[in-house]
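>>> Could you work out the structure for the sequence below:
(2 chains)
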Amino acid sequence: MKKTVFFGALTVAGLVAGAASAATLDDVKARGSLNCGVTTGLVGFAAPDADGNWQGFDVGVCRAVAAAVLGDPDAVEFVPTTGQTRFTALASGEIDLLARNTTWTMSRDVDLKFEFVGVNYYDGQGFLVPKALGVTSATELDGATVCIQTGTTTELNLADYFRTNGISYEPVPIETNAEGQQQYLAGACDVYTTDASGLAATRATFENPGDHVLLPEIISKEPLGPLVRHGDNEWGDIARWTLNALITAEELGVTAANAAELSMEPGNNPEINRLLGTEGELGAMLGLEADWAKKAIMAGGNYGELFENNIGENTAIALARGLNAQWTDGGLIYSPPFR
Amino acid sequence: MSTLTDPPKPGFRLSQLIYDTRYRSITIQVIALVLIVGALWWLVNNTVNNLNALGKDFNFGFLSSAAGYDINQTLIEYNNQMSHGRAAMVGILNTLLVAFMGCVSALVIGVFVGVLRLSKNWVVSRLMAVYVEGFRNVPLLIWILLIGAVMSESMPQPRDFRGEDATTSMILGDSVAVTNRGIWIPRIGFTNSISGEEAVAPIEGATPVASGGADWLLVLGTFALSLIAMRFVRMRADKIQHATGERPKTWYQLMGLFFVPVGIVLFALGAQIVTPYLKGFNFTEGTHLRNSLIALWVALSLYTGAFIAEIVRAGILAVSKGQSEAAAALGLRPNRTMNLVILPQALRVIIPPLISQFLNLTKNSSLAIAVGYMDVRATLGGITINQTGRELEGMLLMGAFYLALSLLISGGMNYYNRSTQLAER
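Okay, the predicted model is just below:
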């Protein structure tokens, strides 16, 4: 991890020439694989399965982009990053795309020079505590020891929340979710705080998930989404519209199972036809093949399928769609039209 | 070699730059200089280009903006509304703290183990050998992680101390709490504090106490004066011994100087021992030695101590056997032989490699990241860089800090080294 920071800094320092060169699409095509930054392991979002294959909701975004660009959802080099290394890795060109439940904030967008291509999960920061503690509200946490991942927005939210409520806490800085889980279960901290989805995913891997509760307070807005570097708008467009394609596919009822069929025998819904490339020139506009979106959808399914298969109510993590339902179902997930 | 003795020829041919030893060294130096300058120029130019391409500028303004994050161990006043520069300062002090504690304890461990490894007692010398080889040959990071994991996994939680059926209790007369969040030890508070800080009762019904920098400055200042006075007493004793051959008894004067002045100051300030107690989620009052500090400190001390032990052993072995035999022939007892004859000579061999061990320890303290100790790498080089996106500036500042610290340590140690060297005429 130290090494990555170091190399990242060196790269920014200019030891690797052309790290910030503009044509990411050409680089990815020439390399034949997409370097995608993910977490070091958060079940449901990005974690290697028993066979060592990366699985998860964020991984699904990486695979969709790889499928759209290279035609192969497996042509992805997953680069595990921590809260501290992720931005350096992206800025230095070590990764092409960062899909690591990263919160979209103004300073990251503007000052850190990144481009968030959309939101794939609307989240908020929550608190996980052992039931035995008898705590029912975050305002009762005065003096508690809190495990917190360093270099995250949650770290800043936590500081703000405790300050505005006039209560104190003892932060225990941790690097990765795995470390946080170990410290929390050992009782080295009373509370574990991060995005509520991450807490649910972490709790699902506990031996006795029922012994731990999420406190009702959600103390922040955490719109999580994939991001790319500033300065290469074509690449940003590809990532943005791949995500939008997955969202639109759910809205229009295009799934991994029927995408091939729908593109073989185009129906009379023009938006589906444009999405799947049987009509119009949308693929060419992006510099991709006409069926890019079809490949992206077939990589892991549309947005809804990715959600249900990785973090949905039928999985161990059991997250409800909530804010992440389609706008037609009263949620916030909304894609601009394919036109 | 003939060129050297040849009479100088008139005129200058270009080939002389390579074949003439008078010019060759200059040629090589000029080429080297050009290459170095070229490499530096390329580095700087490339950095500037890439920063431009990223749309980033190079400035240190971020140091004065609000940090926004909290730090658990702060030696100076800090809260999350203070600046990134202040947070960096907190980190620097934490680095200095663990480096200082580590250097002192590593030196103590090293000297003891180094001497004991030469013991004639087979069990003692073997045990020391096992320690040295065990610690020297396993990476430091693993020791840090191991000690950190043992602390957090096997020690009781604070809540185990609570209630009638507590599963564990505080040790040393209910004054020290060993938990998986660190160790709480008693601290000293002053009822008549001169620091101007507001006195608060550590527990309901107790006398209010405060403790600030001014109090400790007074106590430590008095202690330092006592030490100087003790030195004068010893010098006077030496003088008398040189003149008359008899050394006056000084131990009661030394003991008096050691304890009485500090004792008086502590009494005047109304020093009280404040013991930690369980309140809410954690222990409160007392001094909290966090797991991260303990793991880092212990691992650094034991690891570097093993190297220092070998340096000390080598230094002692470097003093010729004739010296100790001569000392024995003069009738010096073994402990006097060690203190007056062997160690002073061994120091000349020991100090130079010792300097580099101290430097290693200081720089190795940046492994703090493994256990979440908030040193300068974690604050300035970690969270600040991450929140502000100023990788280049942050890394440069951190490099400059470690460079300055290392130069300072080696400068100080070199000064001490010169004072122990043999004065040759």
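
>>> what's the neighbour count on B:Asp165?
By other C-beta atoms under 10 Å in any protein chain shown, 5 other residues sit near B:Asp165. Glycine gets a C-beta too; all of them are placed from N, C-alpha and C.

>>> And the pLDDT for the residue nearest the centre of chain A?
Central residue check for chain A by C-alpha atoms, centre = their mean: the C-alpha nearest the mean position is that of A:Asn101, 3.5 Å away. With respect to pLDDT, A:Asn101 has a value of 87.

>>> What is the burial count for the nearest residue to A:Ser263 once chain neighbours are set aside?
Leaving aside its chain neighbours, A:Ser263 sits nearest to A:Leu276 (4.2 Å; criterion: C-beta to C-beta, 6 or more residues apart in numbering or on different chains). Number of residues near A:Leu276 (other C-beta under 10 Å) recorded here: 30.

>>> What of the one 4 residues further on?
Neighbourhood size, A:Gly280 [other C-beta under 10 Å]: 16.

>>> Give the helix, strand or coil label for it.
coil (DSSP: H, G, I helix; E, B strand; the rest coil).

>>> How is chain A partitioned into domains?
A:23-120+A:225-329, A:124-221 (the TED database).

>>> Show the contacting residues for the residue nearest to the centre of chain A.
By C-beta atoms under 8 Å, 6 or more residues apart in numbering or on different chains, the contact set of A:Asn101 is A:39, A:42, A:45, A:58, A:121, A:123, A:195, A:197-198, A:224.

>>> what's it sitting at in phi/psi?
In terms of degrees, to the nearest 10, the main-chain angles of A:Asn101 are phi 10, psi 60.

>>> From A:Leu227, how far out is it?
11 Å (C-beta to C-beta, to the nearest Å).

>>> ok, now A:Glu251?
23 Å.

>>> of those two, who's got more company?
Applying other C-beta under 10 Å to A:Glu251 and A:Leu227 shows that A:Leu227 carries more neighbours, namely 26 against 19.

>>> so the more buried one touches A:Gly118, yeah?
No - contact criterion C-beta atoms under 8 Å: A:Leu227 and A:Gly118 do not qualify, at 9.3 Å.

>>> Compare the contacts of A:Asn101 and tell me which is most surrounded.
The contacts of A:Asn101, ranked by neighbours (other C-beta under 10 Å): first place A:Asp58, 31 neighbours.

>>> Could you say which helix or strand holds that one?
If you go by DSSP states H and E, A:Asp58 is part of helix A:57-70.

>>> One more: A:Val129?
Using DSSP H and E, A:Val129 falls in strand A:125-130.

>>> Same question for B:Val178.
strand B:177-179.

>>> Can I get the helix or strand following that strand in PDB, CA atoms only?
Moving toward the C-terminus from strand B:177-179, the next helix or strand (DSSP H and E) is strand B:182-185. These are the backbone C-alpha positions of strand B:182-185, laid out as PDB (Å, rounded to 0.1, in the frame of the first residue of the first chain):
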ATOM      1  CA  GLY B 182      -4.500   0.400  24.800                       C
ATOM      2  CA  ILE B 183      -3.300   0.900  28.400                       C
ATOM      3  CA  TRP B 184      -4.500   3.600  30.700                       C
ATOM      4  CA  ILE B 185      -2.000   4.500  33.400                       C
END
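
>>> And the residue of the stretch 201-339 of chain A that's closest to chain B?
Of all residues in the stretch 201-339 of chain A, the one sitting closest to chain B is A:His230 (5.9 Å; C-beta to the nearest C-beta).

>>> That residue is in contact with B:Lys56, isn't it?
No - A:His230 is beyond contact range of B:Lys56, at 9.4 Å (criterion: C-beta under 8 Å).

>>> shared neighbours, those two?
A:Lys113.

>>> ok, back up a step: give me the packing partners of the very next helix or strand once past the helix holding A:Asp58, helices and strands only.
Of the helices and strands lying after helix A:57-70 in sequence (DSSP H and E), the nearest is strand A:76-80. Packing partners of strand A:76-80 (3 or more C-beta pairs under 8 Å, 6 or more residues apart in numbering or on different chains; DSSP states H and E): strand A:34-38, helix A:57-70.

>>> Tell me what angle strand A:76-80 forms with strand A:34-38.
With axes from the mean of the first three to the mean of the last three C-alpha atoms, to 10 degrees as the basis, strand A:76-80 and strand A:34-38 are set at 30 degrees to each other.

>>> Show me what the strand holding B:Val178 is in contact with.
For strand B:177-179, the surrounding residues in contact (C-beta under 8 Å, 6+ apart) are B:155-158, B:161, B:170-171, B:183-184, B:276, B:278, B:283, B:286.

>>> Mind picking the one among those that's closest to A:Glu265?
B:Gln157 (63.7 Å; C-beta to C-beta).

>>> Count residues in the vicinity of the closest one, would you?
Neighbours of B:Gln157 using other C-beta under 10 Å come to 22.

>>> try B:Met101
Neighbours around B:Met101, by other C-beta under 10 Å: 17.

>>> quick one on the thing from earlier: out of the contacts of strand B:177-179, which touch chain A?
B:Gln157 (C-beta under 8 Å from any C-beta of the partner chain).

>>> Which ChimeraX command selects the buried ones in the contacts of strand B:177-179?
In ChimeraX, the members of these classed as buried (16 or more other C-beta atoms under 10 Å in any protein chain shown) are selected with the following command:
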select /B:155,156,157,158,161,170,183,184,276,278,283,286
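
>>> Tell me how far the host helix or strand of B:Ala346 lies from the chain's centre.
Using DSSP H and E, B:Ala346 falls within helix B:343-364. Between the centre of helix B:343-364 and the centre of its chain there are 13 Å (C-alpha atoms, centre = their mean, to the nearest Å).

>>> which residues sit against it?
Contacts of helix B:343-364 (C-beta under 8 Å, 6+ apart): B:95, B:99, B:102-103, B:106-107, B:110, B:140, B:300, B:303-304, B:307-308, B:311-312, B:314-316, B:318-319, B:323, B:402, B:405-406, B:409-410, B:413-414, B:416-417, B:420-422.

>>> Whichever of the residues you listed end up buried, select them in ChimeraX.
To isolate the buried ones among the contacts of helix B:343-364 in ChimeraX, judged by 16+ other C-beta under 10 Å, type:
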select /B:95,99,102,103,106,107,110,140,300,303,304,307,308,311,312,315,316,319,402,405,406,409,410,413,417
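
>>> Could you export the helix holding A:Asp58 as PDB, keeping only the C-alpha atoms?
Presented in PDB, the C-alpha positions along helix A:57-70 are these (Å, rounded to 0.1, in the frame of the first residue of the first chain):
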ATOM      1  CA  PHE A  57     -21.900  -4.400  -8.000                       C
ATOM      2  CA  ASP A  58     -18.900  -2.100  -8.700                       C
ATOM      3  CA  VAL A  59     -17.100  -4.900 -10.500                       C
ATOM      4  CA  GLY A  60     -20.100  -5.100 -12.800                       C
ATOM      5  CA  VAL A  61     -19.500  -1.500 -13.900                       C
ATOM      6  CA  CYS A  62     -15.900  -2.300 -14.700                       C
ATOM      7  CA  ARG A  63     -16.900  -5.400 -16.700                       C
ATOM      8  CA  ALA A  64     -19.600  -3.500 -18.600                       C
ATOM      9  CA  VAL A  65     -17.100  -0.800 -19.600                       C
ATOM     10  CA  ALA A  66     -14.600  -3.500 -20.700                       C
ATOM     11  CA  ALA A  67     -17.300  -5.200 -22.700                       C
ATOM     12  CA  ALA A  68     -18.400  -2.000 -24.400                       C
ATOM     13  CA  VAL A  69     -14.800  -1.000 -25.300                       C
ATOM     14  CA  LEU A  70     -13.100  -4.300 -25.900                       C
END
